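Undergrad: Build me a model:
(one chain, ligands or ions: 1)
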Amino acid sequence: MLDAKAVRRDFPILDRKVSGGKPLVYLDNAATTQKPTQVIDAMDRYYRETNSNVHRSIHELGERATEQYVAAHERVAEFIGASSYEEIVFTKNCTEALNLVAYSRGLRELKPGDEVVISQMEHHSNFVPWLEVCRLTGAKLRIVPLTPEGMLDMAAYEAALSRRTRLVSLTAMSNVLGTITPVKEIVKLGHEAGATVIIDGAQSVPHSATDVRATGEDFLAFSAHKMLGPTGIGVLYGRREKLLEMEPFLFGGEMIGRVTNEGATWNDLPWKFEAGTPVIAEAVGLHAAIDYLDALGMDAIHQHERKLVERAFERLAHLPVKIIGPPPSKRGGLVAVEMEGIHAHDLASLLNDQGVAVRAGHHCAQPLMNALGIASTVRASFYVYNTPAEVDAFVAALEHARKVFQL
Ligand code: 7TS
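TA: Numbering: from 1, shown residues only. Below you'll find the model as predicted:
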C-alpha cells in the first residue's frame, strides 16, 4: 500500500498556498507531475559537483558526467525491461521520440499504397506526425474507431490491418478517456500483419509496471516530466534490430563515427540518435525519479490511483456531470467531466479559485473530441501524492461551481 501522506513530505511544492491562501490541490498530473526533493537534489548535486560535457572529455569531471549519463540509460532500460542501454534513446520529450520514428522510419520508408494505423483517441503528438508523414509520402492513414464505451475497437483494429500496413502507432492509455489499451494484443496483431508497432506510453509508463519484453512493441515513447522527473527529457525505447536498421533523425556532433569531406558514418547505439550535447542533468534527474518510483512500487502506484478514480466515480455520481470514457476498472487514474450549463474553462477557473488545479479544454486530442461531439472537458488526473481528501475537494469544488452558476 502506498502512503500518500508520507509521500507528500518529499514534494516541497505541495505545501504551497494558491489563490489567496488556499492549500494547493494539484490534479493536473497528466499534463506534468511535481518533483520530489530526491530529483531536485540529484540535479542540484550534478550541477554543483559534476557538471561537464559527456563522451568527449578526458578529465575527471567529464568521465564522471559520462558515467552518470550512461547509468541513466541503463536505469531506464532496467525499469521498462529493455535488454540494454543501447535500446534507450534520450530525446526532448515523448513528442520528439514519436517524431524520431516518424522521420527516421516513416518519412524514409513509406510509399504510396502503404498504410499507417493509429486510433481515434491519440494525443496530437501521436496523430499530427502521422498525418504529416502520410501527406508527404502518399501513404494512407487509417484511424481505428472506439467502442461506445470509449475502448479501442479491437475488431475494427484487426480489420484495419493488412499486408499494406507498415506502421501501427497506438497509445497505451488515453489522456482524456483514461482508457487502457491491450498493448500485448495490439502488438501481436500488428506483428502478424508484418507491421512495425509503436506504443505511446506517455500516460502508461508513469502509472503502471512496463515490461517491453513481455509486450513486444518495437518502439515505446514517453516523457520524464510526467513521472516525477524533469522537463526537457523524453525516452524512445527501440528494439535493437529496429534501431540498427534506421537512419539517424538529427545530424551533428556526438552522433557520428567518422566524418570526411565526402560523407559520414554513424556512432554506435544509442548515441547515433542523440545529436549534439545531450540532456545530461535531466538524465540524472530521470534516474532519481525512477529510483523513487521503484521504491514506491509500480503496482502499488497503480492500485493507489485505481482507488482514487473509484472514489471520484462514486462521488461524481451524485452530481449532474457526464464522465467521458470507460468505468474505473478499464481506466488509469484520471477522470474528465462535462457539466451541462458551464463551459469547461469557466469551471476550471472556479476550481482554481478553490485551489484545485485541473486542466480544461481539448487536451491536445481534437480528433477525439470531434468524434465524441464534445467541445471541452475538465480533467482531474491523479498521482502518487494525491489523497482521497483531494478527490473530495475536487468534487466539492464542482458542487461549489454549480452553486455559483445557480444550476
Ligand atoms: N502522448 C500522450 C498520451 C500524452 O498524454 C501526452 C501529453 C503526450 C503524448 C505528449 O507528451 P510531451 O511530454 O511530449 O508533451 N499529454 C498532455 C496532457 O494530457 N496535458 O498536457 C499534456
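Undergrad: For the rest of this, base every contact and every neighbour count on C-alpha atoms.
TA: Noted.
Undergrad: my read: P12 touches Q38, true?
TA: No - applying CA atoms under 8 Å, one finds P12 not in contact with Q38, separated by 10.8 Å.
Undergrad: so where do the helices sit in the stretch 201-350 of the chain?
TA: In the stretch 201-350 of the chain, the segments counted as helices under DSSP state H, counting those that start in this stretch are 212-215, 240-244, 280-296, 298-316, 344-353.
Undergrad: meant to ask about the stretch 51-200 of the chain, not that
TA: Counting by DSSP H, counting those that start in this stretch, the segments of the stretch 51-200 of the chain that form helices are 60-80, 94-101, 108-109, 128-137, 154-160, 183-192.
Undergrad: among these, which is nearest the ligand?
TA: helix 94-101 (3.7 Å; CA to the nearest ligand atom).
Undergrad: Which strands and helices lie in contact with that closest one?
TA: Counting contacts by 3 or more CA pairs under 8 Å, 6 or more residues apart in numbering; DSSP states H and E, helix 94-101 packs against strand 219-223, strand 234-238.
Undergrad: That helix and the ligand in contact?
TA: Yes - interface with the ligand: helix 94-101 contributes 94-95 (CA under 6 Å from any ligand atom).
Undergrad: hang on, isn't E74 packed against E87?
TA: No - between E74 and E87 there is no contact under CA under 8 Å: 9.4 Å.
Undergrad: Go through the helices of the stretch 51-200 of the chain and pick out the most buried.
TA: With neighbours defined as mean count of other CA atoms under 10 Å, the helices of the stretch 51-200 of the chain peak in mean count at helix 94-101, which reaches a mean of 24.
Undergrad: Quick check: Y85 vs I280, distance?
TA: Look at Y85 and I280: by CA to CA, to the nearest Å, they are 15 Å apart.
Undergrad: Neighbour count: those two, which is higher?
TA: Taking other CA atoms under 10 Å, Y85 and I280 do not tie; I280 has more neighbours (24 against 20).
Undergrad: For the closest residue in space to that one that isn't next to it in sequence, give its distance to E282.
TA: In space, not counting the residues next to it along the chain, I280 is nearest to Y69; the distance is 6.0 Å by CA to CA, 6 or more residues apart in numbering. Noted for Y69: a distance of 9 Å to E282, by CA to CA.
Undergrad: Over to I58?
TA: I58 is 22 Å from E282, by CA to CA.
Undergrad: Same drill for those two, tell me which one is more crowded.
TA: E282 (26 against 9).
Undergrad: Let me see the contact set for the more buried one.
TA: By CA atoms under 8 Å, 6 or more residues apart in numbering, the residues touching E282 are 43, 229-233.
Undergrad: possible to save the residues you listed as JSON lines with pLDDT and neighbour count?
TA: JSON lines is the format used below for those (pLDDT from 0 to 100; neighbours: other CA atoms under 10 Å):
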{"residue": "M43", "pLDDT": "98", "neighbour count": "24"}
{"residue": "G229", "pLDDT": "99", "neighbour count": "30"}
{"residue": "P230", "pLDDT": "98", "neighbour count": "25"}
{"residue": "T231", "pLDDT": "98", "neighbour count": "17"}
{"residue": "G232", "pLDDT": "98", "neighbour count": "17"}
{"residue": "I233", "pLDDT": "98", "neighbour count": "25"}
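Undergrad: Now render the residues you listed as CSV, adding distance to the ligand.
TA: Converted to CSV, these look like this (distance: CA to the nearest ligand atom, whole Å):
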residue, distance to the ligand
M43, 19
G229, 11
P230, 10
T231, 8
G232, 8
I233, 8
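Undergrad: Go through the helices of the stretch 201-350 of the chain and pick out the most buried.
TA: Ranked by mean neighbour count, those are led by helix 280-296 with a mean of 22 (mean count of other CA under 10 Å).
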